[in-house]
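Colleague: Any chance you can model this:
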Amino acid sequence: MKIDYTVTEKDFVHFNLYHTKNSKLAKWFILLPFLTALVIITRFIFRDNGFDILHTILFIATSAILMGVLFMLINPLFDWSMKWLVKMELKGGKHNDFIGPQTLTLHDEFLEDGNSHMTSQIKYSSIEKICCDYDCFFIYIGAVKAILVPLTCFTDDAQKQAFLTILKQKTGLDVAYAKRAKK
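Modeller: Numbering: from 1, shown residues only. I've put the predicted structure just below:
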């Protein structure tokens, strides 16, 4: 099976955002302000000068509201900063071989990924996981490297299912769908 498609800058940014948000490090980064607030609240509750229940309840309620606002601000800020960093990398000329026309060919023993700069033959056993978000498949061939396959490259649902069936047969891996992805 051979698939010709184009990876756009948007697809590349989307992959980096998806990968970062689904990494363990990013989850800790997002939780860090909340853990800090929890430490401050705990320190306030158990301070040395006595335990005042009314002030403690007011402080906890205010802290909960502030943490909710902080959470609403951190996620969009995280998304924006990640998108900005990836776009700056692309403008600097890095990773440009991932953008543009691509060809993915599924052979019996390996898959072949090619573009105008290079062609790679990847054994199916090297594929670590296959993920799908709402507009792309990500075929991970390393901890941070993946082949991006936009869903728009498939002419119909039958072609997409045939592609997934071949990958599952060759790798033994199921596709991990994101919560909002279309199966």
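
Colleague: Residue 157 - how many residues pack around it?
Modeller: Using other CB atoms under 10 Å, residue 157 has 10 other residues around it. For every residue, glycine as well, the C-beta is placed using N, CA and C.

Colleague: any idea how far it lies from residue 113?
Modeller: Note on residue 157: its distance to residue 113, by CB to CB, to the nearest Å, is 23 Å.

Colleague: And residue 131, by the same measure?
Modeller: Applying CB to CB to residue 131 and residue 113 gives a distance of 16 Å.

Colleague: same thing with residue 126?
Modeller: Separation of residue 126 from residue 113 (CB to CB): 11 Å.

Colleague: ok, the two, which is more surrounded?
Modeller: Neighbour count, other CB under 10 Å: between residue 126 and residue 113, residue 113 has more, with 19 against 13.

Colleague: pLDDT wise, what is the more buried one at?
Modeller: pLDDT for residue 113: 85.

Colleague: buried set for the helix or strand harbouring it?
Modeller: When secondary structure is defined by DSSP states H and E, residue 113 falls within strand 110-114. Within strand 110-114, the residues that qualify as buried are 110, 111, 113, counting by 16 or more other CB atoms under 10 Å.

Colleague: Skip the chain neighbours and tell me the closest residue to the second one.
Modeller: Ranked by CB to CB, 6 or more residues apart in numbering and with sequence neighbours excluded, the top spatial neighbour of residue 111 is residue 122, at 5.3 Å.

Colleague: How about residue 16?
Modeller: Leaving aside its chain neighbours, residue 16 sits nearest to residue 86 (4.6 Å; criterion: CB to CB, 6+ apart).

Colleague: so how far is the helix or strand containing that neighbour off the chain centroid?
Modeller: Secondary-structure element containing residue 86, defined by DSSP H and E: helix 53-91. The offset between the C-alpha centroid of helix 53-91 and the centroid of the whole chain comes to 19 Å, using CA atoms, centre = their mean, to the nearest Å.

Colleague: what do you get for stretch 8-21?
Modeller: For stretch 8-21 - counting by CA atoms, centre = their mean - the centre lies 7 Å from the chain centre.
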